[in-house]
Structures are given as structure tokens and as C-alpha cells.
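>>> Sequence and computational prediction follow.
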Amino acid sequence: MAEVPGAQRSVLTGGPEPRDPLDCWACAVLVTAQNLLVAVFNLLLLALVLGTILLPAVTMLGFGFLCHSQFLRSQAPPCTAHLRDPGFTALLVTGFLLLVPLLVLALATYRRLCLRLRLADCLVPYSRALYRRRRIPQPKQIPASPGSRAVPTPGKVWV
């Protein structure tokens, strides 16, 4: 008697099969660990991008606040040797003016890196821990004979 491929397919695609309790717990721990690792990598990448791009503005604001006489009145050699209060005021103003455009640039860079690295695809949904996917057996393909030409599949165009 010949097997009908459609008959088995309807039985196998009835829905996801629940896992055993111990298997479910182990998978939940692994899914949580993987999602936490992805989150930590995202935070490190964000810190690296923000720290690199915002460094000029943060440096200007730091020297402006440390050396201006209205804030800390520091007598450190870099503060007293090079600039006076109007120079530190200019550093503060320039630092605040650069902060917003550099923040936008840093967040756009982070978003582009996340899209290029496809970090959202690394997050695993918890339904994978609770349910086991059923495998659908693929029909075996007959290899083409050496003399015949391969027929291109629809949707794929070779230019």
C-alpha cells in the first residue's frame, strides 16, 4: 500500500507538543541564560558606542564643571594654566550644544549595529521552553540526471 504524504502531514502539524516538566524547567533555564547573555552583549555594545561617540562632549562638560569658579573652584594645573572662567563657560556651552546631536548619532549607530548584527534574532521566546516543535519529514528529492538541465525554481532569478 502506497503512503500518502498529505495524510501524515495533517497528523504531525496538529500543534506544538508540551514538554515534560523537567525538560521544560531545563529549557526555561537555558532560554533565560541565553536571553540574559544577549541583553548583556546589547548593554556592552550600547556602552561602547555611547562612550566612543559622546567622549568629546563629556570631556568638554567635565573640564567646564571641574575648572569653572562657580562650581568646584579647582586649582589643578590644567585649570589655571590654560583658561579662565570665560573659556570654561565656552566649554560648558559647547559641550551642552554638542551633547544632543552626538546622542542622536550614537543611538542611530547603535540601532544600525543591532540591525546589522541581527541581535533581535538571538532572543529566544519562552514558548520554545514550554513546547516542543514537531518535525515534519521532508520528501526526498530525486537528483537530476547528468544529461538533463536543472529547472530554475520560481522566485529565484540569477542575473
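Arrived safely.
>>> OK, contacts around residue 106?
Taking Cβ atoms under 8 Å, 6 or more residues apart in numbering, we find residue 106 in contact with 49, 50, 52, 53, 54. Glycine gets a C-beta too; all of them are placed from N, C-alpha and C.
>>> The third one - how many residues pack around it?
The burial count assigned to residue 52 is 10, neighbours taken as other Cβ atoms under 10 Å.
>>> pLDDT wise, what is it at?
Model confidence at residue 52, expressed as pLDDT, equals 95.
>>> Could you pull up the contacting residues of it?
Going by Cβ under 8 Å, 6+ apart, the list of residues near residue 52 reads residue 106.
>>> Now do the SS call for it.
Under the three-state scheme (DSSP: H, G, I helix; E, B strand; the rest coil), residue 52 adopts helix.
>>> so how far is residue 98 from it?
Between residue 52 and residue 98 the distance is 14 Å, computed by Cβ to Cβ, to the nearest Å.
>>> for the helix or strand encompassing residue 65, packing partners?
Counting by DSSP states H and E, the element that carries residue 65 is helix 55-67. Using 3 or more Cβ pairs under 8 Å, 6 or more residues apart in numbering; DSSP states H and E, the elements in contact with helix 55-67 are helix 77-82, helix 85-117.
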